[in-house]
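> Using only what follows, build the 3D model:
(chains A, B and C)
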Amino acid sequence: MNILTVSGSPHYHAKESVSNLMYGVIFSLIPAMLVSFYFFGLPAVVITLTAIVSCMFFEFIIQKYLIKGPVTIFDGSAIITGLLLAFNVPANLPLGLMVIGSAVAIGMGKMTFGGLGKNPFNPALVGRVFLMISFPVQMTTYPQPGAFPTRFADVVTGPTPLTKLKDGIMQSRTVSEIMPELPEYGNLMLGNMGGSMGEISAIAIILGGIYMLVKKIISWHIPIAFIGSAAIFAGIFWLINPEVYPDPVFQLLSGGLMLGAIYMATDYTTSPMAPWGMIIFGVGCGLLTVIIRFFGAYPEGVAFSILIMNAFVPLINRGMKPKRFGEEVKNG
Amino acid sequence: MGGVHPPENKLAEKQSIERLDPPKTVAIPLSQHLGVPAQPVVTRGDVVKTGQLIAKGEAFISAHIHSSVSGKVKKVDAVIDASGYRKKAIIIDVEGDEWADGIDRDESLLKDFSLDPKEIMEKVHAAGVVGLGGATFPSHVKLNVPKGKTAEYLIINGVECEPCLTADHRLMLEKGEEIMVGIQLQMKALGVEKAIIGVENNKPDALSHLTRLANDYTGVSVQALEVKYPQGAEKQLIKALVNREVPAGKLPIEVGCVVHNVGTALAVYEAVQKNKPLIERVVTVSGSSVKKPSNFMVRIGTPVSELIEAAGGVPDDTGKVVNGGPMMGKALSDLSVPVTKGTSGILLFTKKETPRPAEQNCIRCARCVTICPMGLEPYLLAPLADKQRLEECEDERIMDCMECGSCLYICPSAKPLLDHIRVGKANVGKMIRERSA
Amino acid sequence: MNEFFNEITVLSVVSLSALGGVAAIVLFVVAQKFKVIEDPRIDEVEELLPGANCGGCGLAGCRALAEAIVKAESLEGFSCPPGGNEVMQDIAKAMGWEAGESTPMIAVLRCHGTRELAPPKVKFEGVMTCAFAHSLFAGEGGCPFGCLGCGDCVEACNFDAMYMDKDTGLPVILDDKCVACEACVKECPRNIIEMRKKGKKNRRIFVSCINEEKGGVARKNCKVACIGCGKCVKECKFDAITLENNLAYIDHEKCTLCRKCPPVCPTSAIHELNFPPRKKKAEKEAEASN
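The predicted structure follows:
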């Protein structure tokens, strides 16, 4: 006689698991990764691998020897953190710094709070901001893109379009004066510009985003709210004074906005749960990004704005509840 | 709002309803319906006929129970039922199949609409008809519109959104005409002009069959519905068909609707036109390893094991047997459990299909929030219920949960969300009762 | 520049002092107005209580008990299970009252359906709590009254007085640690745990079963179930045993620990704890083996 199992309903389970979702995200990151390899060459490959391996290594060390719990480095979450962290640094970052960044991202950003699903802040961004503040020189010497450079020495460094713009504005030049020096929109779309490894190509990131939307890995709320609000706020400023504030298309395509909106802000753990909460979160991110870019000391504000909004997530979750069935009676 | 799309696995879809002979003994539980258990009116040694009243449900929410076979009452004793606990049941040794007087066993269609609403209700009450969709709410209570409320729509649930189950589907195909007459009788009892039959898009044959039949009956219309689970939940069905939301904690009559299952409509037809009490029902027996997935018309009280036997026996690799659908059914701990008025299916899972995936950390992916048909937040309710923070559970409207199981189904971390919420609901319910006491 | 600087210094010193002064006055007024005059004896009583906040007294923690005792001006009706008699005597002494004697109690598990004696027939999956298992089915062993073995009681115990025996699947209560706070009694969804007299030298006799089913049914699931045969009732000379719903119950108030009933139980459902081994039986066995 078989021993039957008794359990509560449901007796079906969707064929989904945490690692499925995580590897789905990793898969969608491949186009952006290839673009970064194309423009920054071998150093980009080395940096990416270093970040992934060291993130997994630190997670392993902490889970095994500090927490003494089960080791789950292959669930894909550490790989994503490593990948996104690598995407957020310049391709010529010294490898030692990359390892430090990974240690901070995993150790401080994730495991301190109890590991997967418990961290309030996006670990990759914690790592990036830590590096940004601690090693500003290395973090802001961006290599200029060139097809397939194979050695670090081949890399020509220079500012990102956003840095150029900020510096120009600081020297009280007008936007129309600076614009011709910046890459054209087509190049911005493709990724032919200076910048962090993974953030350069808007097209590759959007492609990944569409894949994730189709596979229902993420919902549309945060990316659309983030990008839309950033475009609207940037547009308002642009309409007020186009000589000081560049047009919204440039805002969307430059810097880490696409990467931030599609990959960083949509991180499950650090974003709100209910649809309206997600929209508020996205709008907050967009608004803060534009404010930091226009009025802050840093040329780029995506990382800070997402981290700031991360801090508001518990509050948003408390305030924005999903619409309960039968709450407002609509008869008709 | 919400909803999931579990694999349909309707293996017995094409199998016509097969009538099973009465077994050697039946155990007819006294509590087969929501509400107060019925009181037995027969004792050990009594000879009963098929269709004879053997237990009376006199309370306001209760239902009569009739013998499903003819024979001798062996005893009134506790037997394990689908709840996993022993409950009082009347056990009858079957001898022949002699039916009680006054039951019309002729298969021909009868259309007699001369009865007045009260008479229809009384006949439904006398026949012990309960909701056959699974909730087993006594039907005569639903047909009696409370004072101060008016019914506008009769909604007939032919959705069968649970995967695997095909009992209602087959009934709609094979007993469509009878169901229509049943609907007309229910409409008359309720005094409503409009009846809508909701059928999911995955049953195109039933949809077209019923649409054709509905032409001959005034006020009855058939509406196709999107395939999703739980489309057939009472409140979700009303929302989908007439776009009204039943307020939390209220009954459908609040928005002028009364919902009955197609099986119930058939039972009403038989009760009113043929004087036949509810003594048999269609049960789907299915599962990936079942030799012959089938739809059986069986007598109430037949042991589940006999049904499985008729479908080809218990496969060797069976790991779980479920009474009901895979999303809301109860796992059985014993196969001697009798079929009751609420048994819609018996599903067998292989050992491979049985275990739940290993539980992982919640990654706050918000899937449970997105799919919850009641707009709740299972990720929040489950830990609150686990930690016995009952007031907070109540504020987060845990009592709205209808235990459809979508959250546990979709959770990528395989968190036992619904397990916690069930316990929490029971505790909060107790707290509320104590408060009002 | 210097002048200006001085001006600022003076200004800040003056303004901050003024601010501090105002705040001090406000604080003083508020403290006076909302002063709560508490009976100092509450603190005194609380000092004497164990401070475990176990809720065993039926109140929300030690402070609540102290308040209640002082308010009632007597110890009648109050008890502190973990502190026991000693604490109550101490409080009585400190307050200058008289304290009645209270009998020490202990939690007793009235189920012995181990994995061996009540073998599992089905496998349970899901949240491993008794509350959930109880709502789902009769239990792996099939007994609808028996211990579910998920350890809700162990979880509830604040004194480390319980642990789950992995082999038997039953919780074990430690005599020396149990303070009779009743947390486990309240937690058990099947009311298996009962508070009984601790007994002289920790000796206790009780029916280790609460199954009310008919003998045959109960026996089918568990070899050591009480089958309600009534033999123990006949054996007892002190009217301590009653039989109700197919279940024998030994009243611990009336039981004299005479040890007459355990041997007559056909299913060994009556347990005796902490007694010396039975001489006669041992001798008889020795004779039989010879």
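> mind checking which helix or strand of the chain has the lowest mean pLDDT?
Since no chain was named, I'll use chain A. Least confident helix or strand, chain A: strand A:157-158 with a mean of 72, by mean pLDDT, DSSP states H and E.
> What pairs with that one, parallel or antiparallel?
strand A:142-143 (antiparallel) (DSSP bridges).
> Which of the three states applies to B:L348?
Under DSSP: H, G, I helix; E, B strand; the rest coil, the three-state class of B:L348 is strand.
> How about B:I90?
Judged by three-state DSSP, the three-state class of B:I90 is strand.
> Run a quick neighbour tally on C:F124.
22 (other CB atoms under 10 Å in any protein chain shown). C-beta coordinates here come from the backbone N, C-alpha and C atoms, glycine included.
> I meant B:I432, not that one.
B:I432, neighbours per other CB under 10 Å, totals 13.
> That one and B:E391 touch, don't they?
No. Checked against CB atoms under 8 Å, the pair B:I432 and B:E391 is beyond contact range at 10.6 Å.
> ok, now which ones touch B:T25?
B:74, B:91-94 (CB atoms under 8 Å, 6 or more residues apart in numbering or on different chains).
> Would you mind giving the secondary structure of the residue of the stretch 151-290 of chain C found nearest chain B?
Across the stretch 151-290 of chain C, the shortest distance to chain B (CB to the nearest CB) belongs to C:E213, at 6.9 Å. With three-state DSSP as the basis, C:E213 sits in coil.
> Near it, how many other residues are there?
As a burial measure, C:E213 scores 23 neighbours (other CB under 10 Å).
> In the stretch 1-150 of chain C, where is pLDDT below threshold?
Counting by pLDDT under 70, the stretch 1-150 of chain C has low-confidence residues at C:1-5, C:99-102.
> Three-state assignment for B:H33, please.
Three-state call for B:H33 (three-state DSSP): coil.
> Need phi/psi at it.
Torsion angles at B:H33 (phi, psi; degrees, to the nearest 10) stand at phi -130, psi 160.
> I'd like to know how far the closest residue to B:K49 other than its chain neighbours sits from chain A.
Excluding the flanking residues, the one nearest B:K49 by CB to CB, 6 or more residues apart in numbering or on different chains is B:A100, at 4.2 Å. From B:A100 across to chain A, the span is 37 Å (CB to the nearest CB, to the nearest Å).
> Phi first, then psi, for B:A100.
As for B:A100, its main-chain torsions (degrees, to the nearest 10) stand at phi -70, psi 160.
> quick one on the thing from earlier: emit the ChimeraX select command for whichever of the contacts of B:T25 are buried.
Selection of buried members from those for ChimeraX, criterion 16 or more other CB atoms under 10 Å in any protein chain shown:
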select /B:91,92,94
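> Skip the chain neighbours and tell me the closest residue to residue 205.
Chain wasn't specified; assuming chain A. A:M258 (4.5 Å).
> um, chain C though
In space, and not counting its chain neighbours, C:I205 is closest to C:E272: 4.8 Å by CB to CB, 6+ apart.
> again, but for C:K223
Spatially, and ignoring its direct neighbours in sequence, C:K223 is nearest to C:L117 (4.6 Å; CB to CB, 6+ apart).
> That neighbour - that's part of a helix, no?
No. Counting by three-state DSSP, one finds C:L117 to be coil, located in no helix.
> For it, the count of nearby residues, please.
17.
> For it, give me its contacts.
C:L117 makes contacts with C:222-224, as judged by CB under 8 Å, 6+ apart.
> And B:G345, by the same measure?
B:162, B:164-165, B:167, B:283-286, B:322-325, B:329.
> Identify the bridge partners of it.
For B:G345, the beta-bridge partners are B:T284 (DSSP bridges).
> tell me the pLDDT at it?
For B:G345, the pLDDT comes out at 93.
> C:L247 now?
92.
> Distance check, the residue nearest to A:I205 against chain C.
42 Å.
> Now do the strand or helix carrying that residue: everything it contacts.
Assessed by DSSP states H and E, A:M258 sits inside helix A:257-259. For helix A:257-259, contacts defined as CB under 8 Å, 6+ apart pick out A:32, A:84, A:87-88, A:196, A:198-199, A:202, A:205-206, A:209, A:226-227, A:230, A:251-252, A:289, A:302.
> Then stretch A:282-289?
For stretch A:282-289, the external contacting residues (CB under 8 Å, 6+ apart) are A:221-233, A:257, A:260-261, A:265, A:301-302, A:304-306, A:308-309, A:312.
> Where do the helices of the stretch 51-200 of chain A begin and end?
A:77-87, A:95-103, A:123-134, A:136-140, A:161-170, A:175-178, A:185-190 (DSSP state H, counting those that start in this stretch).
> on contacts alone, who are the packing partners of the next helix or strand after the last one?
It stands for helix A:185-190. Following helix A:185-190 in sequence order, the next helix or strand is helix A:202-214 (DSSP H and E). Secondary-structure packing of helix A:202-214 (3 or more CB pairs under 8 Å, 6 or more residues apart in numbering or on different chains; DSSP states H and E): helix A:18-28, helix A:30-40, helix A:185-190, helix A:257-259.
> Can I get stretch C:253-261 in CSV, CA atoms only?
Output of stretch C:253-261 as CSV, limited to C-alpha atoms (Å, rounded to 0.1, in the frame of the first residue of the first chain):
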residue,chain,number,x,y,z
GLU,C,253,-7.2,15.2,43.5
LYS,C,254,-8.5,11.8,44.6
CYS,C,255,-5.7,9.5,43.4
THR,C,256,-3.5,8.2,46.2
LEU,C,257,-0.8,6.9,43.9
CYS,C,258,-1.5,3.3,45.1
ARG,C,259,-0.3,1.9,41.8
LYS,C,260,-3.1,-0.6,41.6
CYS,C,261,-4.5,0.5,38.2
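> all strands for the stretch 51-200 of chain C, in order.
Using DSSP state E, counting those that start in this stretch, the strands found in the stretch 51-200 of chain C span residues C:105-109, C:122-125, C:162-165, C:170-173, C:193-197.
> hey, which of these is tucked in deepest?
Highest mean neighbour count among the strands of the stretch 51-200 of chain C (mean count of other CB atoms under 10 Å in any protein chain shown): strand C:105-109, with a mean of 22.
> and it, how far out from the chain's middle?
Relative to the centre of its chain, strand C:105-109 is centred 7 Å away, using CA atoms, centre = their mean, to the nearest Å.
> Show residues contacting it.
Against strand C:105-109 from outside (CB under 8 Å, 6+ apart): C:81, C:147, C:161-162, C:170-173, C:175, C:178, C:180, C:182, C:184-185, C:192-198, C:202, C:204, C:206, C:208.
> Stretch A:72-80 now?
Identification of contacts with stretch A:72-80 by CB under 8 Å, 6+ apart yields A:18-19, A:21-23, A:25-26, A:29, A:52, A:55-56, A:59-60, A:63, A:106, A:115-116, A:124, B:360, B:363.
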